[in-house]
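**Student:** Predicted model and sequence follow; I will ask about them next.
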Amino acid sequence: MTPFGEALRRLRAERGVTQRQMATAMGVSPAYLSALEHGNRSEPSWEFIQRAIGYFNIIWDEAEELQMLGSLSRPKVTIDTSGLTPKATEIANRLATVIARLDEPTLEGIGNLIDQAKLAASSQPAKKKVRRPKERQSQQN
């Protein structure tokens, strides 16, 4: 299950709505909604998220949270470490091999470390881009 799927299921349960009822009202198949909730589909589109927000009539923080969860709900993730340090590549690969066996407290701890790293990075002054002179083009005839 993805974070977005979990949120959809929670919202449906709170309102006493079945997948079939929600799917019919939103113009999607119950199978699609089930696959989305169970993490068997890619992250939901922006349009679908907006329709879900409208369907549940949620606003402000709850709508913003649902949008954020949608962006964090790709069940198949690829991490491109090209151009990063060897340690970054190692960590990405090690995490990929063990993530299915990690318990919730460990995952929470990793999430907290990532949040701390993002916070620390955002508080550092931006690095200046170094402009390199363009290579001189060969003379044209």
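**Tutor:** Alright, I've got the coordinates.
**Student:** Which of the three states applies to R51?
**Tutor:** helix (DSSP: H, G, I helix; E, B strand; the rest coil).
**Student:** Spatially central residue for this structure, please.
**Tutor:** L72 (1.6 Å; C-alpha atoms, centre = their mean).
**Student:** In this structure that residue contacts P3, no?
**Tutor:** Yes. Counting by C-beta atoms under 8 Å, P3 is a contact partner of L72 at 5.3 Å. Glycine gets a C-beta too; all of them are placed from N, C-alpha and C.
**Student:** Could you pick out the longest helix of this structure?
**Tutor:** Criterion DSSP state H: the longest helix present in the chain is helix 104-123.
**Student:** Mind listing what's buried along it?
**Tutor:** For helix 104-123, the neighbour count (16 or more other C-beta atoms under 10 Å) marks no residue as buried.
**Student:** now A96: how far from A88?
**Tutor:** Distance from A96 to A88, counting by C-beta to C-beta, to the nearest Å: 13 Å.
**Student:** All good on my end, thank you.
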